[in-house]
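Peer 1: Fold the following and give me the result.
(one chain, ligands or ions: 1)
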Amino acid sequence: MPVDASSLSGEGQTICVTGAGGFIASWMVKLLLDKGYTVRGTARNPADPKNSHLRELEGAQERLTLCKADLLDYESLKEAIQGCDGVFHTASPVTDDPEQMVEPAVNGTKNVIIAASETKVRRVVFTSSIGAVYMDPNNSPDTVIDESCWSDLEFCKNTKNWYCYGKAVAEQAAWDMAEEKGVDLVVVNPVLVLGPLLQPYCQC
Ligand SMILES: NC(=O)c1ccc[n+]([C@@H]2O[C@H](COP(=O)([O-])OP(=O)(O)OC[C@H]3O[C@@H](n4cnc5c(N)ncnc54)[C@H](OP(=O)(O)O)[C@@H]3O)[C@@H](O)[C@H]2O)c1
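Peer 2: Numbers count the residues shown, from 1 in each chain. Now for the predicted structure:
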């Protein structure tokens, strides 16, 4: 029998959302609070006014903690994830600058999965991207993109599409690390996410 997700309560469960102040993550924090979860959000600088909208969300005063964490600082991530039931890993650079993109996306994702394994989190949900699976010049316009598809890394490099390159390598690293560590991983590949901003301004 199908379960009506809207009727499920998150009361008593704690979820970590990485990059909590970002566009998509802010909505995750809001919806998790609305469903009764306790939320641990990470930000590189929780005191930055760009994250202040999170503290205004309904339920935030009682059930939201913001933790300082950088994707390349394993201990900071582990501290944020410790004691959580689940992790939404959404933090990622969104840029075509290879130096800013690739290492934080890939090593940051590995760090999250390792920390989730060490702290015995029940499930990690990783926000990947269509860019990780679609960017292949051999695809025809009617190719159906499914779990067997990956972006062509050489093509991404040659076209300097470092965002898609970084997301593809990060997702592959996530699957490999989750298998090695026995972590229950779910990956979401959004195309273009549109809608109202919860944060005071767009960072893009
Ligand atoms: N928006 C879309 O249409 C779309 C489509 C497909 C996939 N996605 C994916 O969805 C996720 C969120 O995207 P978004 O549009 O919401 O982006 P966003 O608003 O730019 O948010 C990205 C977040 O990542 C954090 N971040 C970046 N580099 C970091 C680092 N080195 N350490 C820790 N945190 C870091 C930023 O935190 P700080 O505040 O610390 O800078 C920011 O909160 C990304 O993984 C993106 O690839 C987005």
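
Peer 1: what's the distance between the residue positioned nearest the centre of the chain and residue 133?
Peer 2: Of all residues in the chain, the one closest to the mean position by CA atoms, centre = their mean is residue 90, 1.5 Å from it. From residue 90 across to residue 133, the span is 17 Å (CB to CB, to the nearest Å). Any C-beta I mention is one placed from the backbone N, CA and C, and that applies to glycine too.

Peer 1: so how far is the ligand from residue 199?
Peer 2: For residue 199, the distance to the ligand equals 7 Å [CB to the nearest ligand atom, to the nearest Å].

Peer 1: OK, contacts around that residue?
Peer 2: Counting by CB atoms under 8 Å, 6 or more residues apart in numbering, residue 199 makes contact with 21-23, 26, 50-51, 53.

Peer 1: Out of those, which is nearest to the ligand?
Peer 2: Here the nearest of those to the ligand, counting by CB to the nearest ligand atom, is residue 22; it sits at 2.3 Å.

Peer 1: give me the number of residues near the closest one?
Peer 2: 24 (other CB atoms under 10 Å).

Peer 1: cool, and the one 4 residues further on?
Peer 2: Residues within reach of residue 26, counting by other CB under 10 Å, total 22.

Peer 1: Can you pull the residues of the chain lying near the ligand?
Peer 2: 19, 21-25, 43-44, 70-71, 90-94, 104, 127, 129, 167, 190, 192-193, 203 (CB under 6 Å from any ligand atom).

Peer 1: So which of those are in strands?
Peer 2: Counted as lying in strands by DSSP state E, out of the residues of the chain next to the ligand, are 43, 127.
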